[in-house]
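Colleague: predicted model, plus sequence, below.
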Amino acid sequence: ISASPPGLDEPRWRDSVSSKLCAFQFSDSPVESHILRIGVVPGRRREGPPPRAAFVAAGFFVAHSSFLAAAPYDPFLPFTFMGEEIHLSARFWTSGFDIYAPTTNLCAHEYRPGRLGLPKFWETTSRTFAGRPGFNSDLGLMIVDRIKRLVGYPPDDLAAANPRVFLRLDDFGLG
């Protein structure tokens, strides 16, 4: 079960209708390395079993631990942000798992760390690793190239100068 949780600042998020990740488009921005962007589709109040969803949300997913044996986490993807959801989704689907969305919201997420004076995820990695400030650090761009290769982007769409980015692809690729 997976969903993109509502923000903590949204009124009455508890027990509200959950959204599901079923929309997508390819980014036309070179800043985002032309990765697939996944979007939220509003849910509808419903009784019965959870509805199917197309994608796993990195912000919230719950699964039986058997998924770790079928689709183990790739240790060559540290500090992943851009591309994590498409990578998880492709691996889950091709390893035989179905993805569902909860019928109601079960948790909320703090989406506004900057307004609270806290660093955003990509700001902390930029401070730690040399490269460009902000979201697209050198490490982040290498990770996106690895994810693209893992999910089947054509090789000519990859810009990684370091071939070590592509170590052990068969161990962490599609099922």
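Modeller: Thanks, I have it.

Colleague: okay, the spatially most central residue of the chain and Glu47: tell me how far apart.
Modeller: In the chain, the residue lying closest to the centroid (Cα atoms, centre = their mean) is Glu85, at 2.4 Å. The gap separating Glu85 from Glu47 is 28 Å, by Cβ to Cβ, to the nearest Å. The way it works is simple: take the backbone N, C-alpha and C, and place the C-beta from them, glycine included.

Colleague: repeat for Phe172
Modeller: With Cβ to Cβ as the criterion, Phe172 and Glu47 are 39 Å apart.

Colleague: look up the pLDDT of Pro102 for me, please.
Modeller: pLDDT, Pro102: 90.

Colleague: what about the helices in this protein?
Modeller: 67-70, 84-94, 121-128, 138-151, 169-172 (DSSP state H).

Colleague: rewinding a little: residues contacting the residue nearest to the centre of the chain?
Modeller: Glu85 is in contact with Leu21, Ile38, Phe55, Val56, Ala57, Ala58, counting by Cβ atoms under 8 Å, 6 or more residues apart in numbering.

Colleague: not counting sequence-adjacent ones, nearest residue to the third one?
Modeller: The reference is to Phe55. Leu21 (3.9 Å; Cβ to Cβ, 6 or more residues apart in numbering).

Colleague: please name the bridge partners of the one you found.
Modeller: Judged by DSSP bridges, the bridge partners of Leu21 are Val40.
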